[in-house]
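J.: give me a model of this one.
(one chain, ligands or ions: 1)
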Amino acid sequence: MLKYKRILLKLSGEALMGNDSYGINTLVLNSYAEQVKEITDLGVEVAIVIGGGNIFRGLSGVSKGFDRVKGDQMGMLATVINSLALQSAIEGIGGKAKVFTATKMEPVGELYTKPKALDALKSGFAAIIAGGTGNPFFTTDTASSLRGVELETQALLKGTRVDGVYTSDPEKDPTATKYETITFAEAYEKKLKVMDLTAFTMCSENNLPIIVFDMNTSGNLKKVVFGEKIGTLVKK
Ligand code: UDP
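T.: Coordinates of the predicted model:
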């Protein structure tokens, strides 16, 4: 039995690099495409927001002397590049995907509106929503929480390279343990890094559960939508 019928999948740009130091790793990209197709084939409605950290982040531009707004716009364009790559990979294996963009960019993608994205989801397309929120000073974590709430998804699935939320950084602390479930309040009190605070607050205030899980292990996405207890569930 499917637990989640409509989800927002947040993919980090950084995870798309795989073991590379920059850009798109095709093995990771193809694994993402296959995992997405696997669940859309099962009838799950999948909206996707991808980051751009594998290509460009606004803040790293600032350190090189770029204007912050320009840097953030470059970062948002990086998310469009990743979104097109994922669309192409999904289509390449016979799946259906549409790219929507936060700002006008036809013919690269259709301008995002809620009704158009819902139409796509209901017609079995993965709706890849590119370009972040369209505004500087935000992140794709925030864009994913916004679209997740807006599209009335049942959960925000944060697919990364780590397999959940830990008591402390497992790379630095060997005694760190993973939470199976944690409330928004406890995660906030303990200052645990789930998503950035703007995104975290958006999810918390709108009661959108977050599941942090390792998307770089093939088959995990399907496990999550079937309600298997992998990763960490953050809820009210
Ligand atoms: N960005 C932005 N507004 C948004 C979303 C993203 O300005 O609504 C820019 C910002 O510069 C960010 C970059 O796009 O650094 C890439 O997004 P993000 O860092 O969230 O990617 P991720 O960490 O998930 O790879």
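
J.: do the top helix by length along the chain and the ligand meet at all?
T.: The longest helix of the chain (DSSP state H) is helix 68-92. Yes - using CB under 6 Å from any ligand atom, we find that helix 68-92 touches the ligand at Gly71, Asp72, Gly75, Met76, Ala78, Thr79. Where C-beta positions appear, they are placed from N, C-alpha and C, glycine not excepted.

J.: surely Asp214 is in contact with Leu157?
T.: No - assessed by CB atoms under 8 Å, Asp214 is found out of contact with Leu157, at 11.3 Å.

J.: between those two, which is the more surrounded one?
T.: Leu157 (27 against 15; other CB atoms under 10 Å).

J.: does the more buried one count as helix, strand or coil?
T.: At Leu157 the chain is in strand, as set by DSSP: H, G, I helix; E, B strand; the rest coil.

J.: re the thing from before, so what secondary structure elements neighbour the longest helix of the chain?
T.: For helix 68-92, the elements it packs on are helix 13-16, helix 26-41, strand 45-50, helix 58-63, strand 97-101, strand 126-130, judged by 3 or more CB pairs under 8 Å, 6 or more residues apart in numbering; DSSP states H and E.

J.: could you single out the nearest of the residues of helix 68-92 next to the ligand to Asp169?
T.: Ranked by distance to Asp169 (CB to CB), these are led by Gly75 at 24.9 Å.

J.: and the pLDDT for that closest one?
T.: On the pLDDT scale, Gly75 is placed at 97.

J.: quick one: buried residues of the longest helix of the chain?
T.: Counting neighbours by 16 or more other CB atoms under 10 Å, one finds that the buried residues in helix 68-92 are 71-87, 89-90.
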